[in-house]
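Student: quick one, fold the following:
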Amino acid sequence: MNLILWRHAEAEDTASTDLARQLTPRGRKQAQASAKWLRARLPDDAVILASPAARTVQTAESLTDQYRVVREIAPDASVEAVLTAAGWPDGIAPTVVIVGHQPTLGHVIARLLADSGASWSVKKSAVWWIESRLRSNGEQATLRAAISPDLI
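Tutor: Numbering: from 1, shown residues only. The predicted structure follows:
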């Protein structure tokens, strides 16, 4: 399985609620750059799951209109909620993209790649691509790519 963790792009600081925060003009450009990079690499059958926050939905929409909003991956979701939504390590699909938030995505990355309870820093609109592989010593997570929009 390929698990792609995509942090939402830059959003406005305030709104009527946290879930209502919209992308800034800079955030829209970040999301478009990351989406362009992803679009060139994603298989046609990739499943895209977005948090219900406006900023994650807008980030996902820069890639496609074929996504599902999953309330379980809203801000402050647990690592377990994200992994369950994706079906890790077997996957609800061969490739799942989670459009989500910090610090949750950083916790997921640290857990999968370092078996750590830490939270790794994930820049806005950055993409972390993790692959699950079965080895003789069990399931293994490997990093395929980590890129931020300023490098695209």
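Student: give the buried residues for stretch 19-28.
Tutor: Buried residues in stretch 19-28, counting neighbours by 16 or more other CB atoms under 10 Å, are found at 19, 21, 23, 24, 27, 28. C-beta: built from backbone N, CA, C; applies to glycine.
Student: got the contact list for the closest residue to residue 102 other than its chain neighbours?
Tutor: Closest residue in space to residue 102, ignoring its immediate chain neighbours: residue 122 at 5.6 Å, by CB to CB, 6 or more residues apart in numbering. Remark: with contacts taken as CB atoms under 8 Å, 6 or more residues apart in numbering, residue 122 is in contact with 5, 7, 102, 105, 106, 109, 128.
Student: just to check, residue 53 is in contact with residue 7?
Tutor: No. Contact between residue 53 and residue 7 fails when scored by CB atoms under 8 Å: they sit 11.5 Å apart.
Student: overlap in contacts, those two.
Tutor: In contact with both residue 53 and residue 7: residue 101, using CB under 8 Å, 6+ apart.
Student: that older thread, what two of the contacts of residue 122 are the furthest from one another?
Tutor: 102 and 128 (11.6 Å; CB to CB).
Student: show me which of these two is the more surrounded one.
Tutor: residue 128 (24 against 17; other CB atoms under 10 Å).
Student: residue 49 versus the residue sitting furthest away from the middle of the chain, what's the distance?
Tutor: Distance to the chain centre peaks in the chain at residue 136, reaching 28.5 Å (criterion: CA atoms, centre = their mean). Residue 136 sits 31 Å away from residue 49 when distances are taken as CB to CB, to the nearest Å.
Student: equivalent analysis for residue 152, please.
Tutor: For residue 152, the distance to residue 49 - CB to CB - is 22 Å.
Student: so where's this structure uncertain?
Tutor: Applying pLDDT under 70 to the chain flags no residue at all.
Student: which helix is the longest one in it?
Tutor: Longest helix in the chain by number of residues, with DSSP state H as the criterion: helix 25-39.
Student: what helices and strands are in contact with that helix?
Tutor: Here helix 25-39 touches strand 2-7, helix 54-61, strand 127-135, going by 3 or more CB pairs under 8 Å, 6 or more residues apart in numbering; DSSP states H and E.
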